[in-house]
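# compute the structure for the input listed below.
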Amino acid sequence: MSKPNLPEPEELLFTLDQLEQTTEVMSRVITRLKRQLSELSESSQQQPSHTSSKPRGKSRHTLH
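Below you'll find the model as predicted:
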């Protein structure tokens with residue numbers, strides 16, 4: 001039986017570092033988008049809305 005072709009530990013560390021950096025950037029982007037959406041929501045609640053008659057319910061969707 002032959003062993004599967006496994007990457008070198010250095011390659012794995014490099015890949016893990018890249019993934020960590022990517023998730024950090026994505027987390028910052030998500031935080032910024034949440035803050036902007038919250039600010040937008042607050043400003044729209046302060047002004048009466050004449051354009052929409054739809055109820056504004058909060059729905060939370062969790063992806064796994």
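
# what's the burial count for Leu6?
Neighbour count of Leu6, defined by other Cβ atoms under 10 Å: 8. (Each C-beta comes from the backbone N, C-alpha and C, glycine too.)

# how about it, secondary structure?
What DSSP: H, G, I helix; E, B strand; the rest coil gives for Leu6 is coil.

# repeat that for Met26.
Of the three states, Met26 takes helix under three-state DSSP.

# quick one: average confidence on the strand or helix carrying Thr22?
In this assignment (DSSP states H and E), Thr22 forms part of helix 9-46. Across helix 9-46, the average pLDDT comes to 96.

# now do that helix: which elements does it pack against?
Applying 3 or more Cβ pairs under 8 Å, 6 or more residues apart in numbering; DSSP states H and E, we find helix 9-46 packed against no helix or strand.

# mind listing what's buried along that helix?
Counting neighbours by 16 or more other Cβ atoms under 10 Å, one finds that helix 9-46 has no buried residues.

# quick check, pLDDT for Ser49.
Ser49 carries a pLDDT score of 56 in this model.
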